[in-house]
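Novice: Output the structure for:
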Amino acid sequence: MRSFALAMAVCWMGAACAGEAPVVVKVWPKGPPGGAPNKEAEKDLAQPKNELPVRRITNVSDPTIHVYPAPADKATGAAVLIAPGGGYHILAWDKEGEEVATWLNGIGVTGILLKYRVPRPIGAAKDKPPKRVVDDD
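Specialist: Below is the predicted model of the structure:
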């Protein structure tokens, strides 16, 4: 909850400007409950598509919030939490995340992009449920 409050404070104070790198805040500063479910390091599986890379992130173990504040001259005071999809294998980071935040900024809305844990590593069987992570809280 403290991380979310910090992210919201960043939004309202305008600590970052549109077009700059987002402000990144860890969801669990002391580490995620239940530990890290993925043995492999987080990967960015960028692949070219029409000369532009398509960013797909997998093996997310340490969730973060990326705050894209709306430009001060357009800011409405509204914010939207964005959770990019990816079928439990990946996060469609650019197409369903960064591009949405950029569009929201264009209409004066702060985009808050959530990089959440992805429980099913690439190559895991699709016909079986992902390994369950039990939170200690």
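
Novice: show me the contacts for the spatially closest residue to residue 118 that is not a sequence neighbour.
Specialist: Closest residue in space to residue 118, ignoring its immediate chain neighbours: residue 60 at 4.7 Å, by CB to CB, 6 or more residues apart in numbering. Using the backbone N, CA and C atoms, a C-beta is placed for each residue, glycine as well. Under the criterion of CB atoms under 8 Å, 6 or more residues apart in numbering, the contact partners of residue 60 comprise 38, 42, 91, 115-118.

Novice: quick one: the helices in the protein?
Specialist: Across the chain, reading from the start of the chain, the helices by DSSP state H fall at 2-13, 99-106.

Novice: Please, where are all the strands along this structure?
Specialist: 23-26, 43-44, 47-49, 52-54, 56-58, 64-68, 79-82, 91-92, 110-115 (DSSP state E).

Novice: what sits up against the longest one?
Specialist: Applying CB under 8 Å, 6+ apart, the contact partners of strand 110-115 are 7, 11, 22, 27, 57, 60, 63-70, 75, 78-84, 91, 93, 97-98, 100-102, 104-105.

Novice: now do the fifth one
Specialist: Surrounding strand 56-58, the residues in contact under the criterion CB under 8 Å, 6+ apart are 42-47, 86, 89-93, 115, 118, 121-122.

Novice: Mind doing that once more with 6 Å?
Specialist: Contacts made with strand 56-58 from outside it, assessed by CB atoms under 6 Å, 6 or more residues apart in numbering, are listed as 43-45, 90-91, 93, 118, 122.

Novice: Most widely separated two among those?
Specialist: The span of those, defined through CB to CB, is set by 93 and 122 at 14.6 Å.

Novice: Just give me the neighbour total for the residue lying closest to residue 75 once chain neighbours are set aside.
Specialist: For residue 75, ignoring the flanking residues on the chain, the nearest one in space by CB to CB, 6+ apart is residue 108 at 5.4 Å. When counting by other CB atoms under 10 Å, one arrives at 16 neighbours for residue 108.

Novice: residues contacting residue 92?
Specialist: Residues 84-86 are the ones in contact with residue 92 under the rule CB under 6 Å, 6+ apart.

Novice: Please pick the buried ones from those residues.
Specialist: Among the contacts of residue 92, those buried by neighbour count (16 or more other CB atoms under 10 Å) are 84, 86.
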